[in-house]
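Participant: My questions concern the predicted model and sequence given below.
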Amino acid sequence: MSPEDVRQRYARVREEVGAGVTIVAATKYVSLADMAILAEAGIEVVGENRAQDLEAKHAEYGDTFRWHFIGHLQSNKVKLVNRICELVHSLDSESAARRLTVPALVEVNLSSEPTKSGVGEGDLERFVGLVDDVRGLMTMPPAAPDPESSRPYFRRLAQLARDHGLSELSMGTSQDYRVAAEEGATLVRVGSILYGE
């Protein structure tokens with residue numbers, strides 16, 4: 001992974017999703033040392049899945065990036081996330097919601113997969129009412145080889161956001177970010193498409 005390769009891939013994703021979409025570089029599998037390559041490549045926003053990795057990377061790189069939290073948020077990690085992040089994509093716990101002081105997106109489990117995090121569609125209205133600063137919604141469709149199979153989930157999430165008067169949509173990963181952008185994503189969370197397989 002070289003800064004030039006990452007820069008070119010980032011530019012390609014930017015061209016494909018358009019200027020109005022925030023590209024969040026998912027850094028779950030990016031080492032502390034390799035974060036420097038992202039900085040050199042001009043990556044602006046990073047999304048971390050684990051609080052301890054977030055803390056370590058932020059301690060090293062601080063204001064080099066804008067920090068988002070995109071993993072499952074446990075209530076005992078909220079204080080750390082409040083201190084570092086400008087946005088949480090994956091809020092789905094009432095106890096975390098009560099402690100959160102930064103803007104959040106509520107994660108919605110549209111596929112009803114038991115292994116996936118997120119609140120159920122039927123519980124969304126009540127949950128949105130619990131949180132001071134909900135900006136929008138996030139979802140993870142079932143993994144599938146064809147990006148088109150994600151489209152109905154993205155379309156449904158966009159409708160739910162409109163129904164609740166929410167403007168931000170975090171949807172789409174390296175496999176289906178183009179479809180997500182077509183369906184109104186304002187944030188896409190990409191990793192392997194930037195770094196190479």
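Facilitator: Nice, I can see it.
Participant: Low-confidence stretches in this structure?
Facilitator: 197 (pLDDT under 70).
Participant: Test my guess that residue 136 contacts residue 167.
Facilitator: Yes: with contact defined as C-beta atoms under 8 Å, residue 136 and residue 167 form a contacting pair (5.9 Å). In short, each C-beta sits where N, CA and C put it, glycine included.
Participant: Between these two, point out the one with more neighbours.
Facilitator: Between residue 136 and residue 167, residue 136 has the larger neighbour count (other C-beta atoms under 10 Å), namely 24 against 10.
Participant: Next SSE downstream of the strand or helix carrying that one?
Facilitator: Residue 136 is part of strand 134-138, with elements assigned from DSSP states H and E. Using DSSP H and E, the next helix or strand after strand 134-138 towards the C-terminus is helix 151-163.
Participant: Show me what counts as buried in that next one.
Facilitator: Within helix 151-163, the residues that count as buried by 16 or more other C-beta atoms under 10 Å are 151, 153-154, 156-158, 160-161.
Participant: Repeat that for stretch 127-140.
Facilitator: Going by neighbour count (16+ other C-beta under 10 Å), the buried part of stretch 127-140 is 127-128, 131, 134-140.
Participant: mind checking how far that stretch is from the chain centre?
Facilitator: Computed by C-alpha atoms, centre = their mean, to the nearest Å, the chain-centroid distance of stretch 127-140 equals 13 Å.
Participant: and what of stretch 81-94?
Facilitator: Distance of stretch 81-94 from its chain centroid, counting by C-alpha atoms, centre = their mean, is 10 Å.
Participant: pull the CA atoms of it into CSV?
Facilitator: The C-alpha coordinates for stretch 81-94 follow below in CSV (Å, rounded to 0.1, in the frame of the first residue of the first chain):
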residue,chain,number,x,y,z
VAL,A,81,-15.8,8.2,21.6
ASN,A,82,-17.3,11.5,22.9
ARG,A,83,-13.8,12.9,23.4
ILE,A,84,-12.5,11.9,19.9
CYS,A,85,-15.2,11.5,17.3
GLU,A,86,-17.3,14.0,15.4
LEU,A,87,-19.9,11.3,14.5
VAL,A,88,-21.0,7.8,15.5
HIS,A,89,-22.5,5.7,12.7
SER,A,90,-23.7,2.7,14.7
LEU,A,91,-25.8,3.8,17.7
ASP,A,92,-28.2,1.0,18.7
SER,A,93,-28.1,0.8,22.5
GLU,A,94,-30.2,2.9,24.9
